[in-house]
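# Here is a sequence together with a model predicted from it:
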Amino acid sequence: MTVTATRSIAVPAAKEKAHPHKPGDRPFGPLRIAAFAVLLLLAIGWLLPFLWAVATAFKTETDAASGDPGWIGASGPTTDAFTAIMSQGNVWLWAGNSLLTSAVITAITLAISALAAYAFSRLDFAGRKWLFAVVIAGIVVPPQAIIIPLFYQMLAFNMVDTYWGLILPQVVVPAMVFILKQFFDGVPIELEDAARVDGAGRFRIFWSIVLPLSRPILAAVAIFVFIGAWNNFLWPFLVINDTTLMTLPVGLQTVISAYGVQYAQVMAQAVLAALPLIAVFLVFQKQIVKGVATTGFGGT
Amino acid sequence: MTTAPQTARATGKGPTTGASTRAIVTGTSGPGRHEAKGRREQLVSWAFLAPFMIAFVLFLVWPIIHGIYLSFTDQSLTGTGGGLVGFANYAEALADPTMWRSMGNTLWFTVLSTIPLVLIALVMAVLVDRGIPGQWLWRLSFFMPFLLASTVISQIWVWIFNPQIGAANNVLEAFGMEPIAWLQNADTNMYAIVIATVWWTVGFNFLLYLAALQNIPAQQYEAASLDGAGPWRQLWSITIPQLGPATVLIVMLQVLASLKLFDQAYQMLGGVSSDTTRSIVQYMYEAGFVGYRFGFSAAISYIFFALIVVIGVAQALVVSRRRNLR
């Protein structure tokens, strides 16, 4: 019954543009002004921590450590912290590792999940229901609960401290198979039947009919897998010890433990690591907002 | 490519069983159906399934099975041991006050974080859904923290909670209160982690609520409005009840997410293990990767797994019982 609860959200009814204001609201009534004020307070509360971090990143270390709460330090704004970090070299390496591994994880997850989801949605084979139930059961397995045997396995495969050791365990996301299967179930079968009469094979149909129709859901899944991989901490932290192979979150963590007292630099790092994702959000805002609604069941 | 199987069409199938269009019509149905399928369809199916299923077995199914075996051994990370010890690891874990302490911390964090993470998200979504100008700004401010890595949010909040120069104490002082050593003090470190977590992850629930709100038919509001119901009345008699299923889902997802506490708690304390914040996942990590006791750590991970399953099933039962009562 979890699924029923989800689907009311997961498959939003086609609806017109959000109503400018609910009926019964006067455009400038006192209630609307109160609502605006509360929203503004909440937004300030949610933005302040990040703005503080940005402000501190532009201070000198002395100003940052002084405890003066002003937005601009006594010695004026400076980009020293950013220059210091970037000259350390490793930050770019880590960002590159994060980009590479997250992109590969996203590509593999998307490919293997879509293929499996299509088989579960459209193909008839012995044990289909049974196998699908097993995959769905995989959704409830908390990744943290299997890190010990998984690490042991990586030792056996000689994959500790390799990109593949970092990537492969992250490509198994049963929730994505479930989400994609739900979507494929809704794609009209008639389109495929027509292609089959013309002699198209299963893979041709999947590749040139089903996938193009599924672009929005594929985008939503891709964005979420990418963000999850980019931010993942526990597994990369365990499986990578070689500084040159670290992802950004794990690498930054080692620097912070080593130079924890340089507040301006620590904040500059936080800001730099956050920027790519803020850019992603600004560009893909619509897909992300929709994606949360569709992938909510399997997210987090 | 042969066209013979394609011309032999099964008839009378529902629209969603397109997979069976390749079936050769034999007149049989039910259990005998599979024998009638072309072998080709089976092969094609497995070609589609193989990449995912191989990864699924290698990196999910096998670790679960192997982990159960490990939990009955005294395997260490350094390679020594590995002999079967029966239920010794489980017996030790269940008699271990630190394990129960970690379990308690995890449950306490789940309670402390779930309540604000659901309520604040609801307030945000209801207000934003009223169409107040600045939609992109509200969405950006509430959801952006969710996109940040645990490392980044931990750094920001460690600095905010810094006892000498942190902004949190500036705020307290502005209200005439004494400064606190938030993260260093055993009485307050859990609250500090909860505050950071609420800021970090509320945006996800906010977007779930927003999607649910947009599914409420506008006619319901129009009808209520014609009956003379004001905004408050509409909120209590339409919006909140209509959000019921979404709230159930959001609470369930949030509880399961909160039970997995590790990243931010570990990093905000700089890896220090505090009796008041150590979660069950952190205890598992410490047993395996600090204490090198893989067998014992595997036993704890199955206790954690059991906790997740028990709470998940309990929630599902409560929900289904409530449905039946209605």
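On my side now, so go ahead.

# Okay, and the residue nearest the centre of chain A sits in which element?
For chain A, the residue nearest the mean C-alpha position is A:Ile227 (2.1 Å; C-alpha atoms, centre = their mean). Using DSSP states H and E, A:Ile227 falls within helix A:215-231.

# Distance of the residue nearest to the centre of chain A relative to A:Leu166?
16 Å (C-beta to C-beta, to the nearest Å). Every C-beta, even on glycine, is put in place using the N, C-alpha and C of the backbone.

# just to revisit the earlier point, can the helix holding A:Ile227 be said to contact chain B?
Yes: Helix A:215-231 lies within reach of chain B by C-beta under 8 Å from any C-beta of the partner chain, at A:Ile227, A:Trp230, A:Asn231.

# other SSEs contacting that helix?
With contacts defined as 3 or more C-beta pairs under 8 Å, 6 or more residues apart in numbering or on different chains; DSSP states H and E, helix A:215-231 has these neighbours: helix A:90-122, helix A:174-185, helix A:263-295.

# Can you name the next helix or strand after the second one?
Scanning forward in sequence from helix A:174-185, with DSSP H and E defining helices and strands, the next element found is helix A:189-197.

# coming back round to it: need the helices and strands packed on helix A:215-231 in JSON lines with mean pLDDT, can you?
Listed next are those as JSON lines, based on pLDDT from 0 to 100:
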{"stretch": "helix A:90-122", "mean pLDDT": "93"}
{"stretch": "helix A:174-185", "mean pLDDT": "90"}
{"stretch": "helix A:263-295", "mean pLDDT": "81"}
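
# which of these sits most buried?
The highest mean neighbour count among the helices and strands packed on helix A:215-231, using mean count of other C-beta atoms under 10 Å in any protein chain shown, belongs to helix A:174-185: a mean of 23.

# what helices or strands is that helix leaning on?
Helix A:174-185 packs on helix A:2-10, helix A:90-122, helix A:128-137, helix A:215-231, helix A:263-295, going by 3+ C-beta pairs under 8 Å, 6+ apart.

# hmm, back to that, buried set for the helix holding A:Ile227?
Buried positions in helix A:215-231, judged by neighbour count with 16 or more other C-beta atoms under 10 Å in any protein chain shown: A:217-231.

# How about residues contacting it?
Identification of contacts with helix A:215-231 by C-beta atoms under 8 Å, 6 or more residues apart in numbering or on different chains yields A:98, A:101-103, A:105-106, A:109-110, A:113-114, A:170, A:173, A:176, A:179-180, A:183, A:211, A:247-249, A:276-277, A:280, A:284, A:287-288, A:290-291, A:294-295, A:299, B:147-150.

# And for the closest residue to chain B within the stretch 201-300 of chain A, nearest residue in space, chain neighbours not counted?
In the stretch 201-300 of chain A, the residue that lies nearest chain B is A:Ala293 (3.4 Å; C-beta to the nearest C-beta). Nearest residue to A:Ala293, sequence neighbours excluded (C-beta to C-beta, 6 or more residues apart in numbering or on different chains): B:Ala211, at 3.4 Å.

# How many residues are close by that neighbour?
For B:Ala211, the number of neighbouring residues by other C-beta atoms under 10 Å in any protein chain shown comes to 21.

# can you check B:Leu43 too?
11.

# ok, so what distance separates it from B:Met268?
For B:Leu43, the distance to B:Met268 - C-beta to C-beta - is 53 Å.

# and what of A:Ala53?
14 Å.

# ditto for B:Gly312
Distance of B:Gly312 to B:Met268, given as C-beta to C-beta: 27 Å.

# With B:Ser76 instead?
29 Å.

# in which helix or strand would I find the residue nearest the centre of chain B?
What sits nearest the mean C-alpha location of chain B, by C-alpha atoms, centre = their mean, is B:Ala257, with 3.1 Å. With elements taken from DSSP H and E, the one containing B:Ala257 is helix B:244-258.

# Buried ones in that helix, by neighbour count?
For helix B:244-258, by 16+ other C-beta under 10 Å, it's B:245-258.

# Just give me how far it sits from the chain centre.
Averaging C-alpha positions (C-alpha atoms, centre = their mean, to the nearest Å) puts helix B:244-258 9 Å from its chain's average.

# ok, now stretch B:154-173?
Centre to centre, stretch against its chain (C-alpha atoms, centre = their mean), the figure for stretch B:154-173 is 28 Å.

# One more: stretch A:75-84?
Between the centre of stretch A:75-84 and the centre of its host chain there is 31 Å, according to C-alpha atoms, centre = their mean.

# And chain B, is it touching that?
No: using C-beta under 8 Å from any C-beta, stretch A:75-84 stays clear of chain B, with a minimum separation of 12.7 Å.

# any idea whether B:Thr78 is helix, strand or coil?
Judged by DSSP: H, G, I helix; E, B strand; the rest coil, the three-state class of B:Thr78 is coil.

# you'd agree it is up against B:Arg293?
No: with contact defined as C-beta atoms under 8 Å, B:Thr78 does not reach B:Arg293; the gap is 10.1 Å.

# so which strand or helix has residue 47?
If you meant another chain, say so; for now it's chain A. Using DSSP H and E, A:Leu47 sits within helix A:30-57.

# Can you look at chain B instead?
Going by DSSP H and E, B:Ala47 is part of helix B:39-56.
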